[in-house]
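Asker: predicted model, plus sequence, below.
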Amino acid sequence: MKDVFKVALLSGMRKAEIVTLWVEEVEENGDQLTFNLQQGKNPSAARRVPVHGSLVSMVRERVKGKAGQNLLFHKLASMGNPSDTYGKRFKRWGEALGVADDQADTRRS
């Protein structure tokens, strides 16, 4: 979960995009890695996202020995809804840190 959080902080990607990344969506062009997102919340979500330099070694390690249709974060594959599970854990971490995320009469997406 820590690696998912790092990607979220350094990429601007949505949690659902991160936890459903396939190995084949990681592309290498020389020394540059990108996440080639094929789909998302809306049609414009398909895009290439550069992998931040501090994430490159972690991403390369996670790709090693996996087939293209494997999840980059493979431990999430056994969860029925990885994005929902991650979201709930993230919320608990915030609560444990005392971060209030409640806003009266406000819908969050």
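Answerer: Now that the structure is in, tell me what you want to look at. Residues are numbered from 1 along each chain as shown.
Asker: going forward, measure contacts between C-alpha atoms and count neighbours the same way
Answerer: Noted.
Asker: and the longest helix along the chain, what does it pack against?
Answerer: Ranked by residue count and defined by DSSP state H, the top helix of the chain is helix 82-97. Counting contacts by 3 or more CA pairs under 8 Å, 6 or more residues apart in numbering; DSSP states H and E, helix 82-97 packs against helix 15-19.
Asker: list the buried residues in the one helix or strand in the chain whose mean pLDDT sits lowest.
Answerer: Lowest by mean pLDDT, DSSP states H and E among the helices and strands of the chain is helix 82-97, with a mean of 78. Buried positions in helix 82-97, judged by neighbour count with 16 or more other CA atoms under 10 Å: 82-83, 86.
Asker: now do it: distance to the chain's middle.
Answerer: Put simply, helix 82-97 sits 14 Å off its chain's centre (CA atoms, centre = their mean, to the nearest Å).
Asker: which residues sit against the longest helix of the chain?
Answerer: 1, 15-16, 19-20, 76, 79, 100 (CA atoms under 8 Å, 6 or more residues apart in numbering).
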